[in-house]
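**Q** no sequence for this one, just the structure:
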């Protein structure tokens, strides 16, 4: 099987790649969002700790 | 045994225990997806009727299975929260909703994209499709209701009750293809009758479905841990833990 054949998906390229692409984008988003949230949270908590120990 | 399990559900213990588990879950999820995607898109043979368009099955079916599974987890945690007032089950139930909504949305959209060349239509008001759409509304309803009530304890209680009532929709979705003979095909794989799919097509589905399960566990843990950190940010254990970092 050649690479262009693979991407063509027997003429169903639009259907197959839209399905997989959309699933990929949404499922990656579902992982990235909590990672960013965690970064924000820890930054805020550590800032508060520093403020308290300095004062 | 019970004492030990109960101890694990305290925010502090759960956070520390799940922190050790999470990297492993992430790695397993990643490997399963790499194997599953290669198997479904490259190795699995072409369908003699639907040609390559049937490969949508490998995301559509796991997403649809997970949309039901996540709902059951959400309603069960909600019920546990109502009965024993455990904080952990409250947080778990809340974090199931957005993940389940994404799976339901994906099942509906990939189903529509698959339906277009196979059935000749994106959408019909078929029993399976309609009940799955209702499931999406249940997830959205859960999240709206929870965010609409300000008092956290009442919000959790109301949302849990909604989730439990909505449970009736789960067997309706599952059996819809047998109860109403409409467009959506009936199950190819069942616990009692086994699989009517050829193993060369069944095994990639099994790997993808397992990948989705691990993915759900990973994302649920990530979200739950964030909520725990946020709610316990002034607790001693969080302070000690973050000070040393």
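**A** That came through, no problem. These numbers were taken from a predicted model, which means no experiment stands behind them. Numbering: from 1, shown residues only, chains lettered A, B, ... in the order given.

**Q** How about residue B:172: what's its closest non-neighbour residue?
**A** Of all residues not flanking residue B:172 in the chain, residue B:131 sits nearest, at 5.0 Å (C-beta to C-beta, 6 or more residues apart in numbering or on different chains). All C-beta atoms are positioned from the backbone trio N, CA, C, and that covers glycine.

**Q** How about residue B:59?
**A** Looking at residue B:59 with C-beta to C-beta, 6+ apart, the closest residue is residue A:23, at 4.7 Å.

**Q** The one you found: how many residues sit nearby?
**A** 24 (other C-beta atoms under 10 Å in any protein chain shown).

**Q** what about the residue nearest to residue B:172, neighbour count?
**A** Around residue B:131 there are 18 residues (other C-beta under 10 Å).

**Q** Would you check that it makes contact with residue B:174?
**A** No. Checked against C-beta atoms under 8 Å, the pair residue B:131 and residue B:174 is beyond contact range at 9.0 Å.

**Q** Any buried residues in stretch B:199-216, and which?
**A** Neighbour counts over stretch B:199-216 (16 or more other C-beta atoms under 10 Å in any protein chain shown) mark B:201-216 as buried.

**Q** In helices, which of those fall?
**A** Those of these mapping onto helices are B:201-216, per DSSP state H.

**Q** Those residues of chain B touching chain A, which are they?
**A** B:37, B:41-42, B:46, B:51-53, B:55-56, B:59-60, B:63, B:98-99, B:102, B:105-106, B:109-110, B:113-114, B:116-117, B:215, B:218-219, B:222-223, B:225-226, B:229-230, B:233, B:238-239, B:242-243, B:245 (C-beta under 8 Å from any C-beta of the partner chain).

**Q** could you point out which element follows the host helix or strand of residue A:4?
**A** Residue A:4 belongs to helix A:3-8 when assigned by DSSP states H and E. Remark: after helix A:3-8, the chain's next helix or strand is helix A:13-54, criterion DSSP H and E.

**Q** mind checking how far that following helix is from the chain centre?
**A** Distance of helix A:13-54 from its chain centroid, counting by C-alpha atoms, centre = their mean, to the nearest Å, is 7 Å.

**Q** which one of the ones in helices among the buried residues of stretch B:199-216 sits closest to residue B:164?
**A** Checking these against residue B:164 by C-beta to C-beta gives residue B:216 as the nearest, at 20.3 Å.

**Q** quick one: residue B:121 and residue B:115 touch, right?
**A** Yes. Assessed by C-beta under 8 Å, residue B:121 is found in contact with residue B:115 at 6.0 Å.
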